[in-house]
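K.L.:
Got a predicted model here, sequence first, then my questions.
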Amino acid sequence: VRLVESGGGLVQPGGSLRLSCEIFDTIYEIAKMAWYRQPPGKQRELVAELTIADETMYSDSVKGRFSISRGVSRGVARNSHYLQMNSLIPEDTAVYYCYIQEGLGSRIDHWGQGTQVTVSS
């Protein structure tokens, strides 16, 4: 299964970006979708997640500014989920990764290759 992120880039503080995660294969049982990020010199951290039951969770640092949502099918590729990022601050600078958990009991973790988000004036 291949996940591909898009939508990253350079943005000024206060700006917005929308990240997309596309699935180029079939995942039969999506239990959870999420976005992680890895700031320079730091560990990867959970930013937001969305469960199959439509429950959402956000890290305290992005609560009220970021929003995770489901995607739609479009031909071969399928957008599984998005991350709308508003009121961006320099501390949001990181490589952002999309993640999908397949299955509940016997689970498989799927990761994208990452997309760079840089917030700078």
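P.N.:
Structure received.

K.L.:
now the protein, which segments are flagged as low pLDDT?
P.N.:
72-79 (pLDDT under 70).

K.L.:
For the residue most central in space within it, list each beta-bridge partner.
P.N.:
In the chain, the centroid-proximal residue (C-alpha atoms, centre = their mean) is residue 35; its distance is 2.9 Å. Beta-bridge pairing for residue 35 (DSSP bridges): residue 48, residue 98.

K.L.:
Same question for residue 21.
P.N.:
residue 5, residue 81.

K.L.:
I'd say it and residue 2 touch.
P.N.:
No. Assessed by C-beta atoms under 8 Å, residue 21 is found out of contact with residue 2, at 10.9 Å. Where you see a C-beta, it was placed from the backbone N, CA and C, and this is true even at glycine.

K.L.:
neighbour count winner among the two?
P.N.:
residue 21 (27 against 11; other C-beta atoms under 10 Å).

K.L.:
any idea how far that one lies from residue 106?
P.N.:
Noted for residue 21: a distance of 23 Å to residue 106, by C-beta to C-beta, to the nearest Å.

K.L.:
Check residue 38 too.
P.N.:
27 Å.

K.L.:
So for those two, which sits in the more crowded spot?
P.N.:
Shown here are residue 38 and residue 106; by other C-beta under 10 Å, residue 38 has more neighbours (14 against 6).

K.L.:
what's the nearest residue to that one if we skip its chain neighbours?
P.N.:
Leaving aside its chain neighbours, residue 38 sits nearest to residue 44 (4.3 Å; criterion: C-beta to C-beta, 6 or more residues apart in numbering).
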